[in-house]
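Peer 1: Model the structure of this input:
(one chain, ligands or ions: 2)
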Amino acid sequence: MGKTIAEKIFDAHRVAEPFPDTHVLKLDRVFCHEITTPIAITDLMARGMDRVFDPTKIKAVIDHVTPAKDSKTAEQGKILRDWARRHGIKDFFDIGKNGVCHAIFPEKGFVRPGYTVIMGDSHTCTHGAFGAFAAGIGTTDLEVGILKGVCAFHFPKTIKFILNGKLKPGVYAKDVILFIIKELTVNGATNMVIEFTGPVVDEMSMESRMTLCNMAIEAGGTSGICYPDKTTVEYLWDFIKDEFASKEAALEEYSKWTSDPDAEYEKVYEYDLSDLEPMVTFGYKPDQVKSVKEMEGTKVDQIYIGSCTNGRIEDLRIAAEVLKGKTISEDVRAIVSPATPAIYSQALKEGIIEIFQDAGFCVTNPTCGACLGMSNGVLAEGEVCASTTNRNFNGRMGKGGMVHLMSPATAAATAIEGKIINADLYQA
Ligand SMILES: CC(C)[C@H](C(=O)O)[C@@H](O)C(=O)O
Ligand code: SF4
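Peer 2: Ligands and ions are numbered 1, 2, ... in the order given. Below is the predicted model:
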């Protein structure tokens, strides 16, 4: 019987199987941010176990609320900062150099095909875009990961999506993943890995694959995963060129991280996405999804473009294309948060920041910011936000606020209209 990519990664990392269906895996990366890691650090200190397994495999960032907005968030940042210094964690990204964890860590080349990655953050599944097994975990697992460099998982039961056809212009990875979550429902992939395969994925950039994998958790998935290919090698090349004689050699090595044709799946879904329309959520659950056309005319108060889902350069380019030479409706306010300093700089160079500002957007520093309703764009009671983020839970961006999840193109068009609208009106 063949194996899935996740099973192969498990086989290559398993150090023990102490109980049936408990696979203890060696970790290649432990990622950390200032909301969840300080709890683990404080607990480890209290137990007299203030140690780390390998400072080169731990990467840390202050990203959720930065610059700090109050004493509590200042303290969280301080605990993480002091810990990184104390243990010689060189890859620690603080104010001025920091960005959203799931954008900055891949951008720095920290994720490779075949890796195991954990983080105390639910959207860690994003990194599966590189052909890695990447999972969000809780405080206890994080503590063990930091101390020992291992983590226990159940067998990676896998659901496979074969995405055929070619996306229409104006339809993006965000529309694809919203469609998939609608099909799966919010529990449809609980404790399972979601494999994204097929011509639609093959055509996607790494940025788009990250958008796809990012929302695997919104269907309950442990990790999203794409097979590494030429696009993966191109993206990583600057970081791996000393390891391989050529890109072809890298591709050959990474190709082992692919599922066998006779691998066993829990379920296989196959779709032709050639007719897929832009999608948007309408309720408080990410599986409450309709086409943008069905939701057209819904009034919004705020537009937010950013986050680990859609705050990358590709996303800003797409939104700027729609916004170029236009201004946002007088009835709304709009905020954009480039996900990392490198994305911000690139957007500046390309004139994208100017387009956003001329259109009337507020441009913030790289941060999770408004995404989780803790800073930089909290909604008031009863307000509605058109957002490129990944969660529309009740009150997510502010108590009593409502969020509609959509692509950067739809968000940009919605900013111009002040109501949800299909971006095709503004696209050449
Ligand atoms: C703060 C953190 C624990 C949380 C998560 O795990 O997802 C956050 O990133 C979010 O998106 O709500
Ligand atoms: S951008 Fe939003 S979803 Fe992503 S890690 Fe930050 S808070 Fe969580």
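Peer 1: I'd like to know how far residue 239 sits from residue 22.
Peer 2: Distance of residue 239 to residue 22, given as C-beta to C-beta, to the nearest Å: 33 Å. All C-beta atoms are positioned from the backbone trio N, CA, C, and that covers glycine.
Peer 1: now do residue 36
Peer 2: Residue 36 sits 23 Å away from residue 22, going by C-beta to C-beta.
Peer 1: Could you do residue 391 as well?
Peer 2: Taking C-beta to C-beta as the measure, residue 391 falls 30 Å from residue 22.
Peer 1: who has more neighbours, the two?
Peer 2: Counted by other C-beta atoms under 10 Å, residue 391 and residue 22 do not tie: residue 391 has more neighbours, with 23 against 12.
Peer 1: For that one, give me its contacts.
Peer 2: 218, 286, 371-372, 403, 405 (C-beta atoms under 8 Å, 6 or more residues apart in numbering).
Peer 1: for residue 112, same thing?
Peer 2: Residues in contact with residue 112 (C-beta under 8 Å, 6+ apart) are 28, 130, 132, 236, 240.
Peer 1: quick one, domains of this structure?
Peer 2: According to automatic domain parsing, the chain comprises the domains 5-153, 158-272, 281-426.
Peer 1: close to ligand 1, is the last one?
Peer 2: Yes. Residues of domain 281-426 contacting ligand 1 under C-beta under 6 Å from any ligand atom: residue 372.
Peer 1: And stretch 113-122, by the same measure?
Peer 2: Yes. Using C-beta under 6 Å from any ligand atom, stretch 113-122 reaches ligand 1 at 121-122.
Peer 1: quick check: mean pLDDT across that stretch?
Peer 2: Average pLDDT, stretch 113-122: 98.
Peer 1: Could you see whether ligand 2 lies near that stretch?
Peer 2: Yes. Applying C-beta under 6 Å from any ligand atom, one finds stretch 113-122 in contact with ligand 2 at residue 121.
Peer 1: Okay, buried residues for that stretch please.
Peer 2: Buried residues in stretch 113-122, counting neighbours by 16 or more other C-beta atoms under 10 Å, are found at 113-122.
Peer 1: Which members of these are positioned in strands?
Peer 2: Using DSSP state E, the subset of the buried residues of stretch 113-122 located in strands is 116-119.
Peer 1: name the helices or strands packed onto the longest helix belonging to the chain?
Peer 2: Longest helix in the chain by number of residues, with DSSP state H as the criterion: helix 71-86. Contact here means 3 or more C-beta pairs under 8 Å, 6 or more residues apart in numbering; DSSP states H and E; on that basis helix 71-86 packs against helix 37-46, strand 58-61, strand 92-93.
Peer 1: buried ones in it?
Peer 2: Per 16+ other C-beta under 10 Å, helix 71-86 contains these buried residues: 73, 76-77, 79-81, 83-84.
Peer 1: do the same with stretch 7-27
Peer 2: For stretch 7-27, the neighbour count (16+ other C-beta under 10 Å) marks 7-10, 13, 23-27 as buried.
Peer 1: Let's have those in a markdown table, adding distance to ligand 1, pLDDT and secondary structure.
Peer 2: Conversion of the buried residues of stretch 7-27 to a markdown table gives the following (distance: C-beta to the nearest ligand atom, whole Å; pLDDT from 0 to 100; DSSP: H, G, I helix; E, B strand; the rest coil):
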| residue | distance to ligand 1 | pLDDT | secondary structure |
| --- | --- | --- | --- |
| 7 | 26 | 98 | helix |
| 8 | 27 | 98 | helix |
| 9 | 22 | 98 | helix |
| 10 | 23 | 98 | helix |
| 13 | 23 | 98 | helix |
| 23 | 23 | 98 | strand |
| 24 | 23 | 98 | strand |
| 25 | 20 | 98 | strand |
| 26 | 23 | 98 | strand |
| 27 | 18 | 99 | coil |
